[in-house]
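Chemist: Fold the following for me, if possible:
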Amino acid sequence: MTQARPFDIRDHIAGPAGLLGSAANVIMQLGWREVGYGVVESKVDSGNVMLHPWKRLRTTISYLVVALFGTEADRATYREAVNRSHVPVRSGPDSPVKYNAFDPALQLWVAACLYIGFRDMRLAFLGPMTEADAEALYVYCSRLGTSLQVPLVMWPADREAFEVYWAEGLRRVRYDEPVRQHLLAIVDLQMVPRWMRPGNRAMNRFATVGFLPPEFREALGLTWTAADQKRFDRFVTVVRFGSRLLPRWVRMLPIQLQLAEVRLRIRRGRSLT
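Modeler: Residues are numbered from 1 along each chain as shown. You can find the predicted model right below:
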């Protein structure tokens, strides 16, 4: 009898194709009003995607790489850096909702969205998983929360418990107009130079709306037809074919380079966020 192969997170990396769902995941995270206003009202300009899009992309990817592939020391150092940047992110007297970036319940929602995004990219571009791998991947992705301020005990115990949590979380999804306008600007790539928008804007919108679960599409007021879905399914099939042809070391190379860049920043005392 052939012994099952041990779970290895490297087997579940979709490679560059995984970035296609990044804007959709941002929209999901900001679906809770507290998270949405925390981003829109933030005074931390260095982390503002509309002002510093490339830095924001780097820091977000760095966090994901450290959370999933870093050592405990890497994760602790990055957690401290994130904590420092989160200190001023709290609601003011005129904020429509009360929020605090250190609230573990809000961070759990963000981590849950990251898990859903990671899982969906893996399924879209590498194909289905065994039940054992699906559960192991879920358990492993608890690092997306514990690398922030989420205690492990808050991470739902298994996928069944997570689905209950997720269904409850979806009922809270709502985009007030300031948050909606911020997200639509990201969908339309308003943060990048004008010369980069033609072509890229259409692709970003198509991939973003396509990867959004229906609840988020509807809450944001984005249209998506049956014809759009058929075209999207064909697009995913083509990209999946290319992704599965890439050897694992090729899919892992950008991650290894990004982790090396983070560690270099740590050694030189440079900012991580």
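
Chemist: okay, CA-based contacts and neighbour counts for the rest of this
Modeler: Will do.

Chemist: For the stretch 151-273 of the chain, give me the ranges with low pLDDT.
Modeler: By pLDDT under 70, the stretch 151-273 of the chain contains no weakly predicted segment.

Chemist: quick one, strands of it?
Modeler: For the stretch 151-273 of the chain, strands defined by DSSP state E, counting those that start in this stretch do not occur.

Chemist: quick one: the helices in it?
Modeler: Along the stretch 151-273 of the chain, counting by DSSP state H, counting those that start in this stretch, helices occupy 159-170, 177-187, 200-211, 214-220, 226-245, 248-268.

Chemist: What is the neighbour count of residue 69?
Modeler: 17 (other C-alpha atoms under 10 Å).

Chemist: right, I mislabeled it, should have said residue 267
Modeler: 9.

Chemist: re the thing from before, who wins for proximity to residue 51 among the helices of the stretch 151-273 of the chain?
Modeler: Among the helices of the stretch 151-273 of the chain, the nearest to residue 51 by C-alpha to C-alpha is helix 177-187 (11.6 Å).

Chemist: Okay, angle between the closest one and helix 200-211 too, please.
Modeler: Interaxial angle, helix 177-187 versus helix 200-211 (axes from the mean of the first three to the mean of the last three C-alpha atoms, to 10 degrees): 120 degrees.

Chemist: Dump helix 177-187 to PDB, restricted to CA.
Modeler: Taking C-alpha atoms only, helix 177-187 is exported to PDB below (Å, rounded to 0.1, in the frame of the first residue of the first chain):
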ATOM      1  CA  GLU A 177     -19.800  54.800   0.000                       C
ATOM      2  CA  PRO A 178     -16.300  56.000   1.100                       C
ATOM      3  CA  VAL A 179     -15.000  52.400   1.300                       C
ATOM      4  CA  ARG A 180     -16.800  51.500  -2.000                       C
ATOM      5  CA  GLN A 181     -15.200  54.400  -3.800                       C
ATOM      6  CA  HIS A 182     -11.700  53.500  -2.400                       C
ATOM      7  CA  LEU A 183     -12.200  49.900  -3.600                       C
ATOM      8  CA  LEU A 184     -13.500  50.800  -7.100                       C
ATOM      9  CA  ALA A 185     -10.400  53.000  -7.500                       C
ATOM     10  CA  ILE A 186      -8.300  49.900  -6.800                       C
ATOM     11  CA  VAL A 187     -10.300  47.800  -9.300                       C
END
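
Chemist: What lies in contact with that helix?
Modeler: Helix 177-187 is touched from outside by 23, 27, 30, 36-37, 40, 50, 191, 201, 204-205, 208, 220, with contacts defined as C-alpha atoms under 8 Å, 6 or more residues apart in numbering.

Chemist: Can you convert those into JSON lines and add a column each for distance to residue 93 and neighbour count?
Modeler: Below are the contacts of helix 177-187 laid out as JSON lines (distance: C-alpha to C-alpha, whole Å; neighbours: other C-alpha atoms under 10 Å):
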{"residue": "23", "distance to residue 93": "30", "neighbour count": "20"}
{"residue": "27", "distance to residue 93": "25", "neighbour count": "26"}
{"residue": "30", "distance to residue 93": "21", "neighbour count": "25"}
{"residue": "36", "distance to residue 93": "17", "neighbour count": "26"}
{"residue": "37", "distance to residue 93": "13", "neighbour count": "24"}
{"residue": "40", "distance to residue 93": "15", "neighbour count": "16"}
{"residue": "50", "distance to residue 93": "24", "neighbour count": "17"}
{"residue": "191", "distance to residue 93": "29", "neighbour count": "17"}
{"residue": "201", "distance to residue 93": "37", "neighbour count": "17"}
{"residue": "204", "distance to residue 93": "36", "neighbour count": "21"}
{"residue": "205", "distance to residue 93": "35", "neighbour count": "18"}
{"residue": "208", "distance to residue 93": "34", "neighbour count": "22"}
{"residue": "220", "distance to residue 93": "26", "neighbour count": "21"}
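
Chemist: All set now, cheers.
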